[in-house]
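Trainee: no FASTA, just this:
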């Protein structure tokens, strides 16, 4: 026998009373601002490097080292970051993480050698590592399952908004106060956010300004723990976790093209002026932001209509990854209009899938104590694409002097991601600890 609790997925479908409070959306808004600041600080180096080169006499090798140093430590610290979040909670972990990345960013502006800059960039990657697992944990605490995908899409879109805003904001600050003070200002903003988050954030039952009805609505629509928390080793042996790792790697293999080689592709292939590139180059980013919210609303809407969680999550995952494979068509597009259409659709689709994949950790965790750890595991695998993809495309470009093979390869990887989520990923439900 089943009971329809007020605000549950079944009661939502039948029009019964739902939540009366909106505090969870205030939490989500502040969290998304934090992720946007995270990405502005992360992208500041790429915008500032041309202005730093003359002062510090940077070679192209030095510049490449500075840009890649972040990812090595970021990947390495995903598992510790997720574990720390599960141990201490998102309030402490996000506050310490933001304080750390603010200090690391500020110290970049005070550095006078390449070795010091590399060290602070690696520190930045290490202290930013818990940010996404902690965000996933926050969503699992504050949102019921029928709103979780949209919430995940929203904080994930903070990265797209931050990455898009980084270019004009950092450029303006460099012109106004120089590159050194730009890093300091960016770091101070992150530290201010950290203090605000620590003082204001609490879990639903401990937060002073949330009403009882909203807490009941959230708790009535969250999965109960189905078993004991698993160790990292046990999680890595789960088919569910393995499929999530590979699928997210495929998502980021496509997405990282837009963060790395996209400007070079567009300018060199179609010989665009700087002004025209500045206008057209924003389009895939805008498409990604729309795709994230579309995927989140689609998945949550299906849950509200009584569709199983498994189907509601897999539809944006599978079809999003199939859509991301359209990136391969850009290789054969004779005009910049057709190429951008293919690239925008691919980025829209990849981010559509991202909305559901950041809801998965809370959907499949056997216990709340595993949510951030699972998020860290899949994000670790995903950001390996940030290391492999740019290097592999660079090697292919060196031998072929064409973007055809790199773009087709990205399209194939997108299809592999669809297979991983559609076939390899088992039913989306809380995992059970294996018996000995």
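Mentor: Nice, I can see it. Just so it is clear, the structure is predicted and the values come from calculations on it, not from any experiment. Residues are numbered from 1 along each chain as shown.
Trainee: start to end distance for stretch 138-149?
Mentor: Taking C-alpha to C-alpha, to the nearest Å, stretch 138-149 runs 13 Å from one end to the other.
Trainee: As a check, name the ranges of all helices in the stretch 101-250 of the chain.
Mentor: 114-128, 131-142, 148-200, 212-220, 232-236, 239-259 (DSSP state H, counting those that start in this stretch).
Trainee: In the strand or helix carrying residue 324, which residues are buried?
Mentor: If you go by DSSP states H and E, residue 324 is part of helix 309-324. In terms of neighbour count (16 or more other C-beta atoms under 10 Å), helix 309-324 has its buried residues at 309, 312-324. Bear in mind the C-beta positions are built from the backbone N, C-alpha and C, glycine included.
Trainee: Point me to the residue sitting closest to the centre of this protein.
Mentor: Computing the C-alpha centroid of the chain and ranking residues by C-alpha atoms, centre = their mean puts residue 156 first, at 4.7 Å.
Trainee: if we can go back for a sec, among the helices of the stretch 101-250 of the chain, show the one with the smallest mean pLDDT.
Mentor: Across those, helix 212-220 has the smallest mean pLDDT, namely a mean of 87.
Trainee: list the buried ones in that one?
Mentor: 214-218, 220.
Trainee: Save these as a markdown table, and put in distance to residue 417 too.
Mentor: Below are the buried residues of helix 212-220 laid out as a markdown table (distance: C-beta to C-beta, whole Å):
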| residue | distance to residue 417 |
| --- | --- |
| 214 | 36 |
| 215 | 37 |
| 216 | 38 |
| 217 | 34 |
| 218 | 31 |
| 220 | 34 |
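Trainee: Closest to residue 350 out of those?
Mentor: Among the buried residues of helix 212-220, residue 218 lies closest to residue 350 (C-beta to C-beta), at 29.6 Å.
Trainee: Do a quick rundown of the helices in the stretch 301-436 of the chain.
Mentor: 309-324, 336-357, 360-364, 371-400, 404-419.
Trainee: Low-confidence bits of this structure, can you list those?
Mentor: Applying pLDDT under 70 to the chain flags the ranges 1-20, 60, 221-227, 274-275, 277-278, 434-436.
Trainee: got the domain boundaries for it?
Mentor: 21-222, 233-436 (automatic domain parsing).
Trainee: Show me how far the first one is from its chain's centre.
Mentor: Centroid displacement of domain 21-222 relative to its chain, using C-alpha atoms, centre = their mean, to the nearest Å, is 11 Å.
Trainee: ditto for stretch 333-344
Mentor: Going by C-alpha atoms, centre = their mean, where stretch 333-344 is centred and where its chain is centred differ by 25 Å.
Trainee: Which stretch among the helices of the stretch 301-436 of the chain approaches residue 53 most closely?
Mentor: helix 371-400 (19.6 Å).
Trainee: which strands and helices sit next to the closest one?
Mentor: Helices and strands touching helix 371-400, by 3 or more C-beta pairs under 8 Å, 6 or more residues apart in numbering; DSSP states H and E, are helix 60-76, helix 78-108, helix 131-142, helix 232-236, helix 239-259, helix 360-364, helix 404-419.
Trainee: buried ones in that helix?
Mentor: 371-386, 389-390, 393, 396-397.
Trainee: just the buried residues of helix 212-220 now: which is nearest residue 148?
Mentor: residue 218 (10.4 Å).
Trainee: Please look at the closest one and residue 140 and confirm they touch.
Mentor: No - between residue 218 and residue 140 there is no contact under C-beta atoms under 8 Å: 10.2 Å.
Trainee: And the furthest pair within the buried residues of helix 212-220?
Mentor: Counting by C-beta to C-beta, the most remote pair of those is 214 and 220, 10.8 Å apart.
Trainee: coming back round to it: kindly reformat the helices of the stretch 301-436 of the chain as a markdown table containing distance to residue 247.
Mentor: Supplementary listing: those in a markdown table, determined by distance: least, C-beta to C-beta, whole Å:
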| stretch | distance to residue 247 |
| --- | --- |
| helix 309-324 | 7 |
| helix 336-357 | 7 |
| helix 360-364 | 9 |
| helix 371-400 | 8 |
| helix 404-419 | 5 |
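Trainee: mind checking which of those helices is nearest residue 174?
Mentor: Per C-beta to C-beta, nearest to residue 174 of those: helix 371-400, 24.0 Å.
Trainee: what angle separates the closest one from helix 404-419?
Mentor: 150 degrees (axes from the mean of the first three to the mean of the last three C-alpha atoms, to 10 degrees).
Trainee: Number the chain from 600, please
Mentor: Sounds good: first residue 600 from here, last item helix 970-999.
Trainee: Now do helix 970-999: distance to the chain's middle.
Mentor: Chain-centre distance of helix 970-999: 13 Å, with C-alpha atoms, centre = their mean.
Trainee: distance of residue 953 from residue 703?
Mentor: When distance is defined by C-beta to C-beta, to the nearest Å, residue 953 is 26 Å away from residue 703.
Trainee: So between these two, which is more surrounded?
Mentor: residue 953 (29 against 24; other C-beta atoms under 10 Å).
Trainee: Contact partners for the more buried one?
Mentor: Contact partners of residue 953, counting by C-beta atoms under 8 Å, 6 or more residues apart in numbering, are 752, 755, 850, 854, 891, 894, 919.
Trainee: which SSE is the closest residue to the first one other than its chain neighbours in?
Mentor: Spatial nearest neighbour of residue 752, excluding adjacent residues (C-beta to C-beta, 6 or more residues apart in numbering): residue 895 at 3.0 Å. Mapping residue 895 onto the secondary structure by DSSP H and E places it in helix 882-903.
Trainee: Tell me what angle that helix forms with helix 838-858.
Mentor: Using the same axes, to 10 degrees, helix 882-903 lies at 150 degrees relative to helix 838-858.
Trainee: Take the helices and strands packed on helix 970-999 and write them to a markdown table, including distance to residue 801.
Mentor: Output for the helices and strands packed on helix 970-999, formatted as a markdown table (distance: least, C-beta to C-beta, whole Å):
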| stretch | distance to residue 801 |
| --- | --- |
| helix 659-675 | 28 |
| helix 677-707 | 7 |
| helix 730-741 | 10 |
| helix 831-835 | 28 |
| helix 838-858 | 29 |
| helix 959-963 | 18 |
| helix 1003-1018 | 37 |
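Trainee: if we compare these, which one ends up closest to residue 722?
Mentor: Closest among the helices and strands packed on helix 970-999, once you apply C-beta to C-beta, is helix 677-707, at 4.4 Å.
Trainee: so who does the residue lying closest to residue 801 once chain neighbours are set aside touch?
Mentor: Residue nearest to residue 801 in three dimensions, not counting chain neighbours: residue 690, with 6.8 Å by C-beta to C-beta, 6+ apart. Going by C-beta under 8 Å, 6+ apart, residue 690 touches 796-797, 800-802.
Trainee: now, among these, which is nearest to residue 945?
Mentor: Of those, the one sitting nearest to residue 945 (C-beta to C-beta) turns out to be residue 796, at 33.9 Å.
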